[in-house]
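Q: Output the structure for:
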Amino acid sequence: MKNKNLQELIVVLGPTASGKTDLAIKLAKKFNGEIVSADSRQVYKGMDIATAKPLSFEFKRINSEFVRIVDNIPHHLIDVVRPNQEFNVVLYKKMATIAIKDIQKRGKIPFLVGGTGLYIQSIVDNIEFPKISPQKKLRDELEKESPQELFRIYKKLDPQGAKFIDKNNKRRLIRAIEVSKFTKKAYWQQRKKGKPLFKVLEIGIKLSKKELKERIKKRVEKMFRLGLEKEVGSLVKKYGWGVYPLQTIGYQEWSPLLDIFSEDLAKKKILEDKKRTILLLKKLRMKIKQDIILHTGQFAKRQMTWFKRDKTITWIKTEKEAEKLVRNFLKKEK
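A: Next comes the predicted model:
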């Protein structure tokens, strides 16, 4: 039997570059809402362009939180920690739940918006994660391995979970291996659903492969125009390549270019020939752009694989469809 005391939560999800934020802002305006980000990279300060954060905003203090206001709509859980600070889905779930309940307490409708499937599922299904403390010795050993090798190890331990995990996410792979080895049980089976926290409507944005591919290409080109290279250089200078967030799409692809300006004297000889250097840099930038487009497309495919498991998602193609769903949902729950 459903708990009639639960309050409403609307989820807007979809693959990267599908237009989630734009749609959510329009819906939030129509239905007196606020947005809670469900993006595992937008939580990091300074990682703005590659994570496609809304760049035109002002700050406003709501209770004890400084919130980005975009087009008059508050956006929560953006710029939560620095790239060299620990952050995970357990912390996200705790913070997102607090933000959602606060929005509801103020008489507004929370919109959970993003493409990080695990973050969304942690809220929608009230996932209870295994309470296993970090195993330092094992983590130190696993940290030396490549994502490909970590995925191979995890696949042996948990074949079912391997179908859905981000195979390029070292942090998540290490945690999954750690829990599986420590408990001698598949990590995927240990994440249990709790009692529902909210009455939920999940709306998914559905685009054709061709349209999504074109949107990804345009987004990456826009990132380059906005100064992505400068952002990457600034973050690497401040935190170094070793921090996990910089080993993600939009950042990791730049390492060959920035390595040219390292202390390697052999590489510095390239800089003596300006013409050759300019040509080399041009070729590298073109390759980096193509790599980011390729990797983003591959990531979008993995996101859709995750979302397709959830049969409660209603997929829409237009803003009008989404508006109708939200209106009927809120009317029904009154």
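
Q: what about the longest helix anywhere in the chain, average pLDDT?
A: If you go by DSSP state H, the chain has its longest helix at helix 274-307. The average pLDDT for helix 274-307 rounds to 90.

Q: for that helix, packing partners?
A: On a contact count with 3 or more CB pairs under 8 Å, 6 or more residues apart in numbering; DSSP states H and E, helix 274-307 meets helix 117-124, helix 209-226, helix 255-259. (Glycine included, C-beta is placed from N, CA and C.)

Q: so how far is stretch 324-334 from its chain's centroid?
A: Computed by CA atoms, centre = their mean, to the nearest Å, the chain-centroid distance of stretch 324-334 equals 28 Å.

Q: show me the contacts for the nearest residue to Glu145 once chain neighbours are set aside.
A: In space, and not counting its chain neighbours, Glu145 is closest to Ile153: 7.5 Å by CB to CB, 6 or more residues apart in numbering. Contact analysis of Ile153 by CB atoms under 8 Å, 6 or more residues apart in numbering lists Leu142, Glu145, Ile177.

Q: Distance-wise, check the first one relative to Arg191.
A: Looking back up the chat, that one is Leu142. Between Leu142 and Arg191 the computed distance is 20 Å (CB to CB, to the nearest Å).

Q: follow-up on the earlier one: from the helices and strands packed on helix 274-307, which stretch is densest packed?
A: For those, the largest average neighbour count (mean count of other CB atoms under 10 Å) is found in helix 117-124, namely a mean of 22.

Q: which helices and strands sit right next to it?
A: Under the contact definition 3+ CB pairs under 8 Å, 6+ apart, helix 117-124 sits against strand 8-13, helix 89-105, strand 109-114, helix 274-307.

Q: need the ones you listed in CSV with mean neighbour count and distance to Leu23, can you?
A: Putting those into CSV (neighbours: other CB atoms under 10 Å; distance: least, CB to CB, whole Å) gives the following:
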stretch, mean neighbour count, distance to Leu23
strand 8-13, 25, 6
helix 89-105, 18, 18
strand 109-114, 26, 8
helix 274-307, 15, 15
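
Q: could these go into a markdown table alongside distance to Leu27?
A: Below are the helices and strands packed on helix 117-124 laid out as a markdown table (distance: least, CB to CB, whole Å):
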| stretch | distance to Leu27 |
| --- | --- |
| strand 8-13 | 7 |
| helix 89-105 | 14 |
| strand 109-114 | 6 |
| helix 274-307 | 19 |
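
Q: ok, which stretches of the stretch 101-250 of the chain are helices?
A: In the stretch 101-250 of the chain, the helices defined using DSSP state H, counting those that start in this stretch lie at 117-124, 136-143, 147-157, 170-183, 209-226, 228-239.

Q: Tell me the most packed of the contacts of Ile153, by neighbour count.
A: Among those, the one with the most neighbours (other CB atoms under 10 Å) is Ile177, at 23 neighbours.
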